[in-house]
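Colleague: What follows is a predicted protein model with its sequence.
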Amino acid sequence: MEKTRTVCIIGAGVAGIAAIKHSLEEGLAPICFEKDSDLGGIWNYHDVPKNGDPSLYKSCCINTSKAMTCYSDFPIPKEFPNFMHHRFFKKYLDLYAQNFSLRDHIHFGHCVEEVKKADDFPDSGDWIVTVRKLKTEHVDTKRVNYVIVANGHLYRPNVPKCPGLDKFAGKVIHTHDYKDFKDFVGKKVLVVGVGNSACDVACEISRHAEQVYISTRKGTFIVQRVADFGRPLDQVAVTRFSQSLPSNYMRPLKFKMFNKRYDLSKYGLAPNGPFRLTAIAITDELPDRIMLGTITVKTDVERFTEHDVIFTDGTTVKDIDAVVFGTGYLHDFPFLEDGVIRIENQFPFLYDHIWPASLEPSTLAVVGLVQPFGALPAILEMQTRWVTRVFAGHCNLPSASKRRQEVEERLLMIKGNSDLSPRHFIVIHALRYMDKLADYIGCKPNLTKLFFTDNAFWRKLVFGPCTPQQWRLEGPGKWDGARAAIENVEKNMWFPMKTRTAGVDLTKGLYKEWIDLLKNVACVFAIVGILIYLISNRVIWKFNY
């Protein structure tokens, strides 16, 4: 009888526990090592940040709705809020681990020191993993067949080398180390960056500081969590229909949407780069805090002095007490043997953002080194589904030469565009990426079949929010509860908010009538398009012979 193949999983965060579950489902034996005393990764909150570990601030809330943020076969409880504080999401991860009995496979308080190829790697593909038990400092080695790197990329803060920063006398931290506003009460604070975390931190501090300045090099677009009619933005924006429209035609509509509530040029936030390459920050407060005068927008930092900051437009802000950098993170795998993953100027040479391009045999995968506009957990789950299918022998990868070619072509495209920054190296189009991996697995929903056999449900899949359960309707990993979860999204969205009997719903019918009209028009266009295709290709005439 063949011995069960072992998988070393590094990290027990969102990606790590999904990797454990899917390893078990594919008949593999997972061994997960987690430095912390509990699962959750960045969502396992600590009041004091730990060096080298992911960290989040006390008030952090998720920017994507619960319907889009869940694992595909384990919906978030309907009583949870649509946008969860981190403690709710941690509770959800605990429920997931409990439901699928995942904790038994996690070694808490264990730090992976080194991962290197076994001496017979070309033949076996095996790895030697060195692990240190933090409580006793005992070091052990294990030989495993596969490795999944699932420790994320939010643990090595990127602090730019600004001229004069070493001479600055005030407090300097990264958002990685920020916990709450208490150290900034009554002070003048500069926040560098306009990503999600930078915006959250700037807004929170601005309620207590003397003045907050936020510095941005390229500007940003701003969207709120909640869209028209009080619906979560991602459930309105991330649909198969909207994502299928040509991007060139959608840009003017998106530009209008981004500026509909606020004229960003008047707020000093309007981007100065190409529309398609501009970052989008999700913040409900920043424009309001700017309007209130508690936050002032500034250009990029030119240099620091002992107490002042000089900006690239020639202006100076004097007597700054503290600087908070919200400037992202660096990609790093310090425990991996040199040469396993090539990183060039923060560009990781990973095929489909997972597989080391030149590694042969492909027995190591990276899960989580992606940045979508939208929810991340379902993407990490899909990555683990594909990876474990490959490890179990149910899916094949292209040869190393083909993987290298694909990665090098992507790098050439990036090098040819001077407006791209390291942030873009891991950016993906979430829905297309999910469909691509689903094609590999064989779990992509058959929309053509559903159009003819179950048109009402087809319309829900195409025009409704593209929730993770769409990739559990068929194929490997099919879940019997997927359809019900999709059909209950609307009901579960409003459930936690039914805390009193409200008055007359003035919008009742308005939203639904417009959506139904849009669906019917699109169906007509789809039918006409199919008929035109069949007639033009003489398919109909062939049926007569």
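Modeller: Yes, it's here. Numbers count the residues shown, from 1 in each chain.
Colleague: so what's the nearest residue in space to Gly219 that is not next to it in sequence up against?
Modeller: Spatially, and ignoring its direct neighbours in sequence, Gly219 is nearest to Pro271 (3.9 Å; C-beta to C-beta, 6 or more residues apart in numbering). No exception for glycine: its C-beta is placed from N, CA and C like everyone else's. Pro271 makes contacts with Lys218, Gly219, Thr220, Phe221, Leu264, Thr278, Ala279, as judged by C-beta atoms under 8 Å, 6 or more residues apart in numbering.
Colleague: Specify the local secondary structure of Pro271.
Modeller: coil (DSSP: H, G, I helix; E, B strand; the rest coil).
Colleague: returning to what we had before: any of the contacts of Pro271 buried? List them.
Modeller: Neighbour counting by 16 or more other C-beta atoms under 10 Å classes Gly219, Thr220, Phe221, Leu264, Thr278, Ala279 among the contacts of Pro271 as buried.
Colleague: Over to the last one: give its phi and psi.
Modeller: This points to Ala279. phi -70, psi 160 (degrees, to the nearest 10).
Colleague: what sits against it?
Modeller: Ala279 touches Val194, Gly195, Lys218, Thr220, Phe221, Pro271, Arg423, counting by C-beta under 8 Å, 6+ apart.
Colleague: Quickly list what Val115 is bridged to.
Modeller: Val129, Leu336 (DSSP bridges).
Colleague: Just confirm it contacts Val144, I think it does.
Modeller: No - between Val115 and Val144 there is no contact under C-beta atoms under 8 Å: 9.1 Å.
Colleague: Neighbours of the residue lying closest to Pro356 once chain neighbours are set aside, how many?
Modeller: Nearest residue to Pro356 in three dimensions, chain neighbours excluded: Ile341, at 4.9 Å (C-beta to C-beta, 6+ apart). By other C-beta atoms under 10 Å, 22 other residues sit near Ile341.
Colleague: Assign Ile341 to helix, strand or coil.
Modeller: Classification of Ile341 by three-state DSSP places it in coil.
Colleague: thought it was touching His353?
Modeller: No - contact status for Ile341 versus His353: not in contact, 11.7 Å apart, counting by C-beta under 8 Å.
Colleague: overlap in contacts of those two?
Modeller: By C-beta under 8 Å, 6+ apart, the residues touching both Ile341 and His353 are Val366.
Colleague: can you pull out the helices in the stretch 51-200 of the chain?
Modeller: Under the criterion DSSP state H, counting those that start in this stretch, the stretch 51-200 of the chain contains helices at 66-69, 86-99, 121-124, 196-206.
Colleague: quick one: contacts of the last one?
Modeller: In this case it means helix 196-206. By C-beta under 8 Å, 6+ apart, helix 196-206 touches 57, 59-60, 63, 175, 178, 180-181, 184, 189, 191-192, 212, 214, 281-283, 285-286, 289, 294-295, 324, 326-327.
Colleague: What pairs with the helix or strand following that helix, parallel or antiparallel?
Modeller: Following helix 196-206 in sequence order, the next helix or strand is strand 211-215 (DSSP states H and E). Strand pairing for strand 211-215, determined by DSSP bridges: strand 188-192 (parallel), strand 295-298 (parallel).
Colleague: Let's see strand 211-215 as PDB, backbone CA atoms only.
Modeller: The C-alpha trace of strand 211-215 is given here as PDB (Å, rounded to 0.1, in the frame of the first residue of the first chain):
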ATOM      1  CA  GLN A 211      -3.900  68.200  12.400                       C
ATOM      2  CA  VAL A 212      -3.300  65.300  10.000                       C
ATOM      3  CA  TYR A 213      -1.600  65.600   6.600                       C
ATOM      4  CA  ILE A 214      -1.800  62.800   4.000                       C
ATOM      5  CA  SER A 215       0.900  62.600   1.300                       C
END
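Colleague: what's the angle from that strand to helix 196-206?
Modeller: 160 degrees (axes from the mean of the first three to the mean of the last three C-alpha atoms, to 10 degrees).
Colleague: Just give me how far strand 211-215 sits from the chain centre.
Modeller: 27 Å (C-alpha atoms, centre = their mean, to the nearest Å).
Colleague: ok, residues contacting that strand?
Modeller: 188-194, 198-199, 202, 205-206, 286, 289, 294-301, 309, 311, 317, 320.
Colleague: What's the mean pLDDT across it?
Modeller: Computed over strand 211-215, the mean pLDDT rounds to 99.
Colleague: so after that strand, what's the next helix or strand?
Modeller: From strand 211-215, the next helix or strand downstream (DSSP H and E) is strand 221-223.
Colleague: From the contact counts, what lies against that following strand?
Modeller: helix 247-260, strand 280-282 (3 or more C-beta pairs under 8 Å, 6 or more residues apart in numbering; DSSP states H and E).
Colleague: Just checking, which helix or strand succeeds it along the chain?
Modeller: With DSSP H and E, the next secondary element past strand 221-223 is helix 233-237.
Colleague: so what secondary structure elements neighbour the helix or strand just after that next one?
Modeller: Next in sequence after helix 233-237, counting helices and strands by DSSP H and E, comes helix 240-244. The helices and strands touching helix 240-244, judged by 3+ C-beta pairs under 8 Å, 6+ apart, are helix 430-441, helix 455-463.
Colleague: Distance to Ser23, mean neighbour count and mean pLDDT added to those, as a markdown table?
Modeller: Output for those, formatted as a markdown table (distance: least, C-beta to C-beta, whole Å; neighbours: other C-beta atoms under 10 Å; pLDDT from 0 to 100):
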| stretch | distance to Ser23 | mean neighbour count | mean pLDDT |
| --- | --- | --- | --- |
| helix 430-441 | 15 | 18 | 97 |
| helix 455-463 | 29 | 18 | 96 |
